[in-house]
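Trainee: here is my input; please provide its structure:
(chains A and B)
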Amino acid sequence: MLEIKYLTKTYKKFDAVKDLNLTIGEGEIGVLVGPNGAGKSTTIKCIAGLLKYVGNITIDGHSNKSIEGKKIFSYVPELPGLFPLLTVREHIHFMAKAYGLDDYEDYANELFEIFDLSDKTEKFGSELSKGMQQKLSLCCALITKPKLLLLDEPLIGLDPKAIKELRNLLLRLKSEGVSMIVSTHLLDSVDELWDRLIIMNKGTVVFSKTRTEFETDENMSTKSLEEIFFNVTEEGGK
Amino acid sequence: MKPFLYLLKRNIINYIKSIKHKPTKAIPLVFIAGFIVLMCFAFFADDNKTESLIDSKYFIGIATGVLFEAFLFVIYSGVTRKNFRYSMSDVNLIFTSPIKSQNVLLYGFIKEISFIFGISIFLIFQLPNLALKFSFIPGGIVYLLLILMAFFIVLSSLSLLIYGFFSKYYKYKELAVKIVKYFNLIISFGLAAYIYTSGKANYYEFAMDFFNKDWWNYIPVMGWGRALLSQCLTGFNASSLIYGGLLIASCIISITLLYKFNLDFYEDALPSAEQNEVAQSYKNSGYDPKQLSKMQNSRKPFARRKVTLTYSAKYAKAIFFRHLLEYKKTGFYFINILSGIYLVASIVVGLYFDMPFYAYLLFTIYIMVISTYGGKWSMDFNGHFIFLIPASSASKLFYSTLSSIIKVMVDGLILFLPAGILMGVSPVEILLSILAYISFGAISTYGAVLNYKLFDRVSNQMMKGIFMMITLVVYILPGIVIGALLSFKFEIFAPYSLQISFIVYNTLASLVIVQAAKGIYDSIET
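Mentor: Alright, predicted model coming up:
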C-alpha cells in the first residue's frame, strides 16, 4: 500500500530524514516511534506530500502528490488546524465534498457518536476544547474513508475513553484493509495495534520488525516495547 | 525586582547575540538608523525650508485635539482595562512564582514602556514631514519625540492607576464604566456640536483657534503634555520646568499608589496574554497569512451568524463554497461592515468632494492594494487541508482566490456606482472604473500569492514583509505608468485611456503571474 524508497529531507544543511526505505502492506499498521527530533513528523509530512523531498513515495501504486494518490490517504496532524468560522458538521461537509463524496452523513454521525461530538455538531471549531479539536481533526481524516491513514501523535489531548474508542476504530479499519502509519510517544497505548514497529533516530530507521518477527525472536519476545525502544535508541546514540 | 531585571537584561543580551549569529536581523535597524541620518541631513541641508512653513497654530490645534481624545480614551481603557503586555511565559512562570503582585505589575509597566518605545519608531517616519512643514525651535523635533514618548508613559501609568483603583474597589467598576463612557461621549459630541454651531463661517479655522486657547494647559496631565509640545514650536521657558515636573510627579504618584494597592490582577491579565502570544507569533512570522487566522481566532467575541450553506460542489470547487459560507457568517455573503463603510464613503465623495473621478479611482486602488493580504485565500495556508484536497494546484488556486475577486467586484460596484451617479459621471466611465478596480484586485491578489511562493523562505521576517510589499508595487507600477503615459501624454483611447490601459495591463500581467504561481498548493513548503 505504501512504498517509500530512499526518502531524504534536508532543511538547509541538516538531514531531518536520510535515505529512509519503508513498506507498509494492506491492512498493516506501522507504528513510528523515536526520540524527539528523530524525523517522525517530517517523514509523515513527506508521505502526506506536504513537504518537498528527494526519493520516491507511492501509495497503492500512485505518487503521493498525484490527485489519484491524494484521494486514497488522509492525514491527522499533531496539532489540529481547523476553520474558525465552520461548525463541526460543516467541517465534515467540506471534507466530504473536497474529496468528492456524496453519501457520508451516516458515517459522519457514527464518528460523532464515537468521539462524543454528537451534541457539539453546531459548535464552531474555535469554540471546542483542545481535545475536542483533536477529535474533530480525526473525524475530518476518517470521513474520506482512506486506504492509508497517516496519524501524527493522534492520542495527544484525548481523554481515556476517546483513546480506547480510537484504538477500537483503528482495529476495525485495519480489519477492513486500511493501512496506517501512527507516530507516537505513548508506547503502551499502541501495544495492541502494531503490525510493524519502526524506530527512528537521527533521521534514519534504526529498527524495523513485524510483530511476527518480533515474537519469533527469542531475545525480543520477552521484552516490552519500552525496553526495545531504549535499547535501540541508546545504542544508536552511542 | 532582581528576577525581572535579569529577564530584561538577558532578553537584550540574547537579542544582540542573535544579531551576531544572524546579521540579517540588523537590516531593519540599519534601515531605521539610515533613515534618521538621512532625515537629519535633509533637514539641515535644505535652505528653502522656510518657504512652505505652515502656521504653528495648526500643529498645536491638531495636537490638542488628538491628545484630548487620547486622554479620554486612556481614562476609559483604564476602567475597562483588558490589555496587558504579559506573555504566556510570564503567566506560566512569573505569575506562579513567589514574587509580590505589585512587582509583577511594575514589570508589566516596564514592558508597556518598551512597547511605547517600539511604537515611537513609527513616529520617527513622520518627523521629516513635520520638520519641513512647521517652524520648530532648534532641536525641537527631537524634543517633540521625547516629550510624546514621556507623555504616553505617563498616560500608561495613569491608566494602570485607574485600573488598579477599580480592581481594588470593584463594586464601583460597573458604574464607573458607564459614567466614563457617557462622559467621554458627551464631551466629544459636545465639543463637535460647539464647533459646528459656533464656527459656521469656517469650521476648520474656528476649531484651530479653539484648540489654541491657553486654558487647555490647565487640564491635568493632558494639558501639561500639550503645553510642552507647543513649546517645541514657541520655545521653552520657566513654565516648561513646571509642566515637566508635574508630569513626572504624576507618574511617580501613580506608580506609588499602584504599588500600595496590593492587587490580585492575574485573572484579568490571562486573556490578553493569550492574545499577545498569537499576535507575537504573527509578528515573528513576518505577518505571515498562515498566522493571521490564528490571531483573529484568538480575539473574542468573534462576530458570526448562525447560518449554514449546504453545497454539492466537489473537489477544489468546494473551497469556493466554503469561503462563501464564511462570508455568509460574517455578513450577507459579500456585503459586510466594510461594504457599509465603502457605501458611506462613496456617497460622501459623490456629494461633497469636488475631484476628478479618476483621482477617486486611484485613491480606492491604493487602499485596496495595501489591504490585499487579508483575503480568504491567505487563511487557507494556516492549515493542511487545502494541500491534501485531491485536485490540481491550479484549480485550487482559482477557486481559493475566486471569492476575493468577487468581493473586489462587489466593493467596486459599491464604491463607484453611487459616487459616479451623484457626481454625474458618464455610465461608460463608471463601468470602466469598476472594471479597472477589479483588474487591480486580480493583479494584487495573484501578486500576493506569487510573493508568498517567492518569499516564504526568507528567514528574516521583517525583510520578508518589506520584500512582499515592494514586489507587489513592482507588479502594479507598470500598469499605472503605462496608464498615465497613455492618458496624459499620448491621449490614446481618450477620454478613458487611464481605465482601459489599467484593465488591459492588469489582465495580461495577472495571467502571467498566475502561470508563475499556479504550483503554490503542490507543497506546504514554497
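
Trainee: check contacts around the residue nearest to residue B:130 when sequence neighbours are not counted.
Mentor: Among residues not flanking residue B:130 along the chain, residue B:141 sits closest, at 6.6 Å (Cβ to Cβ, 6 or more residues apart in numbering or on different chains). Just so you know, the C-beta spots here come from the backbone N, C-alpha and C atoms, and that holds for glycine as well. Going by Cβ atoms under 8 Å, 6 or more residues apart in numbering or on different chains, residue B:141 touches B:43, B:127, B:130, B:131, B:232.

Trainee: for chain B, what's the nearest residue on chain A?
Mentor: Of all residues in chain A, residue A:81 sits closest to chain B, at 3.5 Å by Cβ to the nearest Cβ.

Trainee: helix, strand or coil for residue A:70?
Mentor: Here residue A:70 is helix, with the state taken from DSSP: H, G, I helix; E, B strand; the rest coil.

Trainee: which residues touch it?
Mentor: By Cβ under 8 Å, 6+ apart, the residues touching residue A:70 are A:49, A:64, B:388, B:389, B:390.

Trainee: who are the contact partners of the second one?
Mentor: Read it as residue A:64. A:47, A:48, A:49, A:57, A:58, A:70, A:73.

Trainee: the first one too?
Mentor: For residue A:49, the contact set (Cβ under 8 Å, 6+ apart) comprises A:57, A:64, A:65, A:69, A:70, B:387, B:388, B:523.

Trainee: which PyMOL command selects the buried ones in the contacts of residue B:141?
Mentor: PyMOL command restricting these to the buried ones, with burial defined by 16 or more other Cβ atoms under 10 Å in any protein chain shown:
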select buried, chain B and resi 127+130+131+232
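
Trainee: between the contacts of residue B:141, which is nearest chain A?
Mentor: Of all those, chain A sits closest to residue B:127, with 39.7 Å by Cβ to the nearest Cβ.

Trainee: kindly state the pLDDT recorded for the closest residue to the closest one other than its chain neighbours?
Mentor: Nearest residue to residue B:127 in three dimensions, chain neighbours excluded: residue B:141, at 5.4 Å (Cβ to Cβ, 6+ apart). On pLDDT, residue B:141 comes in at 82.

Trainee: on that earlier part again, now the nearest residue to the residue of chain A closest to chain B once chain neighbours are set aside: how far from residue A:111?
Mentor: Of all residues not flanking residue A:81 in the chain, residue B:383 sits nearest, at 3.5 Å (Cβ to Cβ, 6+ apart). Per Cβ to Cβ, to the nearest Å, residue B:383 is found 19 Å from residue A:111.

Trainee: so residue A:144, which of the three states?
Mentor: At residue A:144 the chain is in coil, as set by three-state DSSP.

Trainee: does it touch residue A:107 like I think?
Mentor: No: using Cβ atoms under 8 Å, residue A:144 makes no contact with residue A:107, being 10.0 Å away.

Trainee: how about the residues of chain B by chain A?
Mentor: Residues of chain B that fall close to chain A, judged by Cβ under 8 Å from any Cβ of the partner chain: B:293, B:296-297, B:302, B:304, B:306, B:308, B:310-316, B:318-319, B:321-322, B:325-326, B:329-330, B:382-385, B:387-392, B:522-525.

Trainee: any of those residues buried? List them.
Mentor: Buried residues within those, defined by neighbour count using 16+ other Cβ under 10 Å: B:293, B:296-297, B:304, B:314-316, B:318-319, B:321-322, B:325-326, B:329, B:382-385, B:387-392, B:522-524.

Trainee: what number of residues lie near residue B:162?
Mentor: The number of residues packed around residue B:162, counting by other Cβ atoms under 10 Å in any protein chain shown, is 22.

Trainee: and it, that one's in a helix?
Mentor: Yes: counting by three-state DSSP, residue B:162 is located in a helix.

Trainee: need the contact partners of the helix with the most length in chain A.
Mentor: What stands out as the longest helix in chain A, according to DSSP state H, is helix A:160-175. Here helix A:160-175 makes contact (Cβ under 8 Å, 6+ apart) with A:27-29, A:114-116, A:131, A:135, A:138, A:142, A:149, A:154-155, A:158, A:180, A:182, A:189, A:192-193, A:195.

Trainee: repeat for stretch B:245-265
Mentor: By Cβ under 8 Å, 6+ apart, the list of residues contacting stretch B:245-265 reads B:101-102, B:105-106, B:109, B:150-151, B:153-154, B:157-158, B:160-161, B:163-165, B:167-168, B:220-221, B:224-225, B:228.

Trainee: could you rerun that using 7 Å?
Mentor: Contacting residues not belonging to stretch B:245-265 are listed as B:101-102, B:105, B:150-151, B:153-154, B:157-158, B:160-161, B:164, B:167-168, B:221, B:224-225 [Cβ atoms under 7 Å, 6 or more residues apart in numbering or on different chains].

Trainee: and those residues, which of them are buried?
Mentor: The neighbour count (16+ other Cβ under 10 Å) marks B:102, B:105, B:150-151, B:153-154, B:157-158, B:160-161, B:164, B:167-168, B:221, B:224-225 as buried among the contacts of stretch B:245-265.

Trainee: between these, which is closest to chain A?
Mentor: The closest of the buried ones among the contacts of stretch B:245-265 to chain A turns out to be residue B:167 (Cβ to the nearest Cβ; 28.6 Å).

Trainee: the closest one in helix, strand or coil?
Mentor: The assignment at residue B:167 comes out as helix when based on three-state DSSP.

Trainee: what's opposite the spatially most central residue of chain A in the beta bridge?
Mentor: Nearest residue to the geometric centre of chain A (Cα atoms, centre = their mean): residue A:151, 1.7 Å. Applying DSSP bridges to residue A:151 gives these bridge partners: residue A:76, residue A:182.

Trainee: what about stretch A:92-99, near chain B?
Mentor: Yes: counting by Cβ under 7 Å from any Cβ of the partner chain, chain B is contacted by stretch A:92-99 at A:93, A:94, A:97, A:98, A:99.
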